[in-house]
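Peer 1: here's a sequence, model it:
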Amino acid sequence: MKSSLQISLALFAAGGAFTKICAEENWARFGGPEGNGRSAEKAMAVKWDASSVLWKAKLKGEGQSSVVNWGDKLFVTSATDKGAKRWVHCLDRKTGKVLWEREVACAKPEDVHKMNTWATPTCATDGARVVAFFGPGGIHCFGMDGKPLWQRNLGEFPGTWGIGASPIIDGKVVIQNCDAEGPSSLVALDKTTGAPVWTAKRDDKPKGGWSTPAIINAGARRELILNGEQGVNAYDPATGKDLWFCKGYAGRGEPIPVLDHGLLYVVNGQPGNTYVVKPGGSGDVSETNRVWNANRKGGRDLPTPAVVGEYELVSSLSGTLTTYEAKTGQILFSERLDSQVKGSQVSATPITTGGLVYFQMENGEVIVVKPGKTLEIVSRNKVDSASDEIFRASLSPIQGQWFARSQSTVYCIAPKAK
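Peer 2: Sure, this is the predicted structure:
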């Protein structure tokens with residue numbers, strides 16, 4: 001019988017060094033084309049400062065959604081009046097000028113944690129429409145000119161945490177995670193009309209709906225992957241049929257599993273192991289398809305991991321970065337990214353581009369790391385933000401520029417060539 005290490009080495013070799021991705025002009029959903037923070041852009045800026053800010057745009061209210069785009073139209077959300085009013089903003093990429101804004105009313109706003117907002121999910125767009133999800137405020141679809149196309153109520157979303165899962169567009173449907181502290185589901189809606197296409201029942205007590213679905217190719221079939229309180233589920237994206245489940249080691253399913261080397265790299269928000277699952281299974285695959293698991297250091301509330309070549313990088317809210325051998329789970333190091341700077345927590349999903357990993361800190365600093373057996377910080381970058389601004393949204397690499405978002409302001413970062 002082969003050992004688990006032999007199996008993992010074989011799967012690692014079969015999976016290849018990287019999942020193939022194509023260069024993108026549009027960062028059209030949370031985490032980009034694959035939902036995992038990877039960009040195919042090879043020449044994004046590595047160093048910048050306050051002088052690199054081309055423009056900044058103050059938004060109505062506050063939020064934590066990341067910037068997405070289609071062409072020269074940027075989309076981002078915010079909320080005012082303690083969630084009674086939610087906003088979808090369309091900005092001009094070149095100037096930051098507001099092209100249009102649409103208000104969404106919410107009669108009974110949900111409770112939110114102090115680290116959350118009433119406008120945390122990121123928009124999704126396909127170039128013909130833009131979709132925004134506001135929990136009890138509903139899911140809303142607008143034309144690229146801001147014309148309302150449809151809206152649908154998806155539940156009350158009870159609990160004390162709030163929501164965070166972003167919609168994705170897959171072919172003819174919009175898919176939305178509706179986990180809550182109560183009746184929960186995963187739904188697919190017709191993207192043209194908003195009519196229900198399928199609904200998959202979820203655990204009724206997942207303690208919150210924060211993870212955004214991701215669709216992967218697992219051999220001959222496509223799988224819709226969703227992290228959760230108990231572990232990872234895979235569904236048929238065409239029908240919502242539950243394909244397989246792998247039990248996790250801890251609760252809070254915020255981070256999105258990342259596909260690389262033909263495997264899914266998974267972490268959860270509460271302290272517990274990180275683990276790797278081979279997709280393509282059936283039923284409960286906790287014993288059969290889990291390749292390895294390893295101790296995870298650094299505390300709670302982790303962003304999505306980054307997998308680059310031979311390394312898996314996992315950061316924690318506290319700013320501790322742990323790097324593992326991607327093929328075995330061996331811990332190479334666990335160190336603070338920055339132990340001296342106030343507010344040096346990490347909430348945002350890291351962005352991987354050009355072989356480097358960009359960590360957005362809550363204080364606005366971006367720390368760029370070169371993956372390896374030891375911590376190698378390539379650069380530290382900061383815009384001239386106010387001391388009370390908090391950056392929990394992920395960076396967005398769009399057409400050669402970086403877009404950062406604090407709770408209240410969008411920054412276009414475009415360093416001048418030297």
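
Peer 1: okay, the closest residue in space to Glu223 that isn't next to it in sequence: pLDDT?
Peer 2: Once its chain neighbours are removed from consideration, Glu223 has its nearest residue in Ala234; the separation is 4.4 Å (C-beta to C-beta, 6 or more residues apart in numbering). Any C-beta I mention is one placed from the backbone N, CA and C, and that applies to glycine too. As predicted, Ala234 sits at a pLDDT of 97.

Peer 1: helix or strand: which one has Ala234?
Peer 2: Ala234 is part of strand 231-235, with elements assigned from DSSP states H and E.

Peer 1: using CSV, list the CA coordinates for the helix or strand just after that strand.
Peer 2: Beyond strand 231-235 on the C-terminal side, the first helix or strand identified by DSSP H and E is strand 242-247. Backbone C-alpha positions of strand 242-247 (Å, rounded to 0.1, in the frame of the first residue of the first chain) are rendered in CSV as follows:
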residue,chain,number,x,y,z
ASP,A,242,-24.3,17.4,-4.1
LEU,A,243,-21.3,15.5,-5.5
TRP,A,244,-18.9,15.1,-2.5
PHE,A,245,-18.0,16.4,0.9
CYS,A,246,-14.7,16.5,2.8
LYS,A,247,-14.9,17.2,6.6
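
Peer 1: who are the packing partners of the helix or strand containing Val130?
Peer 2: Using DSSP H and E, Val130 sits in strand 129-133. Taking 3 or more C-beta pairs under 8 Å, 6 or more residues apart in numbering; DSSP states H and E as contact, the helices and strands that strand 129-133 lies on are strand 73-80, strand 85-92, strand 124-125, strand 139-143.

Peer 1: just give me how far it sits from the chain centre.
Peer 2: Taking C-alpha atoms, centre = their mean, to the nearest Å, the mean C-alpha location of strand 129-133 is offset from the chain mean by 16 Å.

Peer 1: can you check stretch 399-416 too?
Peer 2: If you compare the mean C-alpha spot of stretch 399-416 with that of the full chain, they lie 17 Å apart, counting by C-alpha atoms, centre = their mean.

Peer 1: got the buried residues for stretch 105-118?
Peer 2: By neighbour count with 16 or more other C-beta atoms under 10 Å, stretch 105-118 contains the buried residues Cys106, Pro109, Glu110, Val112, Met115, Asn116, Thr117, Trp118.

Peer 1: for the residues you listed, which two are the farthest from each other?
Peer 2: The largest separation in those, counting by C-beta to C-beta, is between Cys106 and Met115 at 19.9 Å.

Peer 1: tell me how far the closest residue to Asn295 other than its chain neighbours lies from Cys90.
Peer 2: Of all residues not flanking Asn295 in the chain, Asn273 sits nearest, at 6.1 Å (C-beta to C-beta, 6+ apart). Distance, Asn273 to Cys90, using C-beta to C-beta, to the nearest Å: 42 Å.

Peer 1: repeat that for Ile215.
Peer 2: When C-beta to C-beta is the yardstick, Ile215 and Cys90 sit 26 Å from each other.

Peer 1: Gly283 now?
Peer 2: Relative to Cys90, Gly283 is positioned 44 Å away (criterion: C-beta to C-beta).

Peer 1: who has more neighbours, these two?
Peer 2: Set side by side, Gly283 and Cys90 show more neighbours around Cys90, with 23 against 10, by other C-beta atoms under 10 Å.

Peer 1: quick check: pLDDT value at that one.
Peer 2: Residue-level confidence at Cys90 comes out at 98, pLDDT.

Peer 1: separation between it and Cys123?
Peer 2: When C-beta to C-beta is the yardstick, Cys90 and Cys123 sit 10 Å from each other.

Peer 1: list the residues that are in contact with both of those two.
Peer 2: When contacts are counted by C-beta atoms under 8 Å, 6 or more residues apart in numbering, the set common to Cys90 and Cys123 consists of Phe75, Val130.

Peer 1: can you pull the contacts of Thr322?
Peer 2: Residues near Thr322 by C-beta under 8 Å, 6+ apart: Arg296, Lys297, Gly298, Leu313, Val314, Ser315, Ser316, Ile331, Phe333, Ser334.
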